[in-house]
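# Sharing a model that was predicted from the sequence below.
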Amino acid sequence: MISSVLAELIAERARREGPLGFADVVETALYHPRLGFYEAGGAAGRGGDFLTSPEVGQLFGAVLARALDSWWVEMGQPSPFTVVEAGAGRGVLAKAVLAAAPACRPALRYVAVERSSALRAQLPEGVEPAVVMPEQPFVGVVLANELLDNLPFGLLERRAGGWAEVRVTEALLETLVPVDDGAESRLAPDAPVGGRIPTQRAACAWVDHARGLVQAGRVVVLDYADTTPSMARRPWTEWVRTYRGHSRGRPPLADLGGQDVTCEVAVDQLPVPSADHSQTEFLRAHGIDELAAEAGQAWQERAHIGDLQALMARSRANEAVALTDPTGLGAFRVLEWVACGQGR
């Protein structure tokens, strides 16, 4: 039984065109201009459907502000220094970065790219809202926090006779269609029969496009990630996840448009990065321990008062623990692609 208007639209398209690729279904479910999950108001945050690092509190943005300062100085303090945050949502990270008052602030041009008009309407003052990435190259940084896992992805399954693509029928059920033994199917040559892998052409294309925009600076991606061979050995429902109301959602095809659909990033399908660190390593390299220690000291000094300043200090110390948890957000990967041009 078709459960929503969006699901009916997808089913009707499958009736006309034949079984649809998984990437097409995910694209429509998340980004349909009227009925998609994000356009309907799905979002990160304590009142949203999932919690990302910026939503834990302002500490993540404060550390990112330090990172921006270090890159700005390294580049010779260019002005303007353009930061493009792709998939900015309602601007929680942007707001925290600006609130940290980075040294680069006088030169900073912060562009928040967000496809969803519902989320774009909530962006804070001080940022430039945009629907798409800039057209012209610039000097600065492209940031993408948990964006690539939200881009459309295909699915392949290893069968006894070769690889098959997972497609979606008009009944919104999976069907397997044999495929040629192309480059993508060779990403996991030792995959067991029944093993699945994602095909992440959209993520690869996004990184290529972002790199082409940065004349001097870097592209920085923060996300949960693995490699294709590793994913082939894991149950696919571990690396394709759905979320709704801060809980794991239903199977990907069960609530189209009503839940977030994500896929771990297969790092080996992307251009080779200049640097690859865990989120914990990245945040520590840019001063999270120092900021947490300052917060801990402030809490000790003001705990007996119990005022807002004391509570904020305690919160920041707790945020540091969450952001560097090796079994949670701390295990996220931070990938950097550095452009070697000179800033001005």
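Done, it's in.

# Tell me where the stretch 101-250 of the chain is predicted with low confidence.
For the stretch 101-250 of the chain, residues meeting the criterion pLDDT under 70 lie at 181, 246.

# can you give me the strands for it?
108-113, 128-130, 138-145, 154-159, 162-168, 174-178, 196-199, 214-223, 225-226, 240-244, 247-248 (DSSP state E, counting those that start in this stretch).

# looking at these, which is closest to residue 121?
strand 128-130 (8.6 Å; Cβ to Cβ). Quick note: C-beta positions are derived from backbone N, CA and C, even for glycine.

# Summarise which helices and strands that closest one is packed against.
Judged by 3 or more Cβ pairs under 8 Å, 6 or more residues apart in numbering; DSSP states H and E, the packing partners of strand 128-130 are strand 108-113.

# List the buried residues for the strand it packs on?
By 16 or more other Cβ atoms under 10 Å, the buried positions in strand 108-113 come out as 108, 110, 111, 112, 113.

# so which of these comes closest to residue 200?
Here the nearest of those to residue 200, counting by Cβ to Cβ, is residue 113; it sits at 19.5 Å.

# who does the closest one bridge with?
Beta bridges link residue 113 to residue 86, residue 130 when assigned by DSSP bridges.

# distance of it from residue 30?
For residue 113, the distance to residue 30 equals 16 Å [Cβ to Cβ, to the nearest Å].

# This protein: helices as residue ranges?
5-17, 22-31, 53-56, 59-74, 92-99, 117-120, 201-213, 228-233, 236-239, 279-285, 288-302, 308-323 (DSSP state H).

# wait, which of those helices is closest to residue 332?
Closest approach to residue 332 among those (Cβ to Cβ): helix 279-285, 4.1 Å.

# Name the surrounding residues that touch that closest one.
53, 60, 63, 67, 222, 277, 323-324, 326, 329-334 (Cβ atoms under 8 Å, 6 or more residues apart in numbering).

# from those, which is closest to residue 210?
residue 222 (13.4 Å).

# Excluding sequence neighbours, find me the nearest residue to that closest one.
Spatially, and ignoring its direct neighbours in sequence, residue 222 is nearest to residue 145 (4.7 Å; Cβ to Cβ, 6 or more residues apart in numbering).

# And for residue 159?
Leaving aside its sequence neighbours, residue 159 sits nearest to residue 193 (Cβ to Cβ, 6+ apart; 6.5 Å).

# Next, count neighbours for the one you found.
Residues within reach of residue 193, counting by other Cβ atoms under 10 Å, total 9.

# Export the helices of the chain to a markdown table and append columns for mean neighbour count and distance to residue 136.
Listed next are the helices of the chain as a markdown table, based on neighbours: other Cβ atoms under 10 Å; distance: least, Cβ to Cβ, whole Å:
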| stretch | mean neighbour count | distance to residue 136 |
| --- | --- | --- |
| helix 5-17 | 16 | 35 |
| helix 22-31 | 22 | 25 |
| helix 53-56 | 23 | 27 |
| helix 59-74 | 22 | 20 |
| helix 92-99 | 23 | 21 |
| helix 117-120 | 17 | 21 |
| helix 201-213 | 17 | 8 |
| helix 228-233 | 19 | 34 |
| helix 236-239 | 16 | 36 |
| helix 279-285 | 21 | 29 |
| helix 288-302 | 16 | 34 |
| helix 308-323 | 17 | 34 |
